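Student: quick one, what's the 3D model for this:
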Amino acid sequence: MATVTPTPFVFKDMTLKIDADNYEAAVSKVELAPSTSQVTFKGATPGAVFTDVTAATWVCNVDYAQDWSDETSLSYYLFNHQGEQVEAVFVPKVGVDQPSINVTLVIVPGSIGGTVDQFATSSVALGVTGAPVFVPSA
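Tutor: Model prediction:
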């Protein structure tokens, strides 16, 4: 049996391209999160219990700074492209042997505004069509 030693990293220098534009300077969180459900069938015979899980569905959770002064900002992009499916590439750690992760995102708009005396930020849960695809680093 092999001993597996992780290589943990601090999430601070990543890249995020959505539809070929770089948005990493605007985001403070990118998280690809799966969701599954456990299903069980219980027959009338004692011990006739069968359990399985559903196929994972994915969502891309993004926290970002709002910017309504620049029409190329992520805020405007999400507002102007809502409902569209677009290609995105996420690299969790730049400069080390990390894969890139390709996904097809379903765009939703974020909120507008925020709390007094705070940076205006927003969070969105972007749907993922299919599953993330890992591409090994070159």
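Student: contacting residues around Pro99?
Tutor: Val91, Phe134, Val135, Pro136, Ser137 (Cβ atoms under 8 Å, 6 or more residues apart in numbering). In short, each C-beta sits where N, CA and C put it, glycine included.
Student: using TSV, please lay out the residues you listed together with neighbour count, secondary structure and distance to Pro34.
Tutor: Compiled in TSV, the contacts of Pro99 are given as follows (neighbours: other Cβ atoms under 10 Å; DSSP: H, G, I helix; E, B strand; the rest coil; distance: Cβ to Cβ, whole Å):
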residue	neighbour count	secondary structure	distance to Pro34
Val91	20	strand	19
Phe134	10	strand	14
Val135	11	strand	18
Pro136	8	coil	21
Ser137	9	coil	23
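Student: out of those residues, who's nearest Val4?
Tutor: Lowest distance from Val4 to these (Cβ to Cβ) belongs to Phe134, with 17.5 Å.
Student: tell me what the closest one is bridged to.
Tutor: Ile101 (DSSP bridges).
Student: surely it touches Gln98?
Tutor: No. Counting by Cβ atoms under 8 Å, Phe134 sits too far from Gln98 to count as a contact (9.8 Å).
Student: pick out whichever of the contacts of Pro99 sits closest to Thr54.
Tutor: Nearest to Thr54 among the contacts of Pro99: Phe134, at 21.7 Å, using Cβ to Cβ.
Student: let me see the contact set for that closest one.
Tutor: Per Cβ under 8 Å, 6+ apart, neighbours of Phe134: Pro99, Ser100, Ile101.
Student: now for the last one, how many residues are close by?
Tutor: Just to be clear, that refers to Ile101. 17 (other Cβ atoms under 10 Å).
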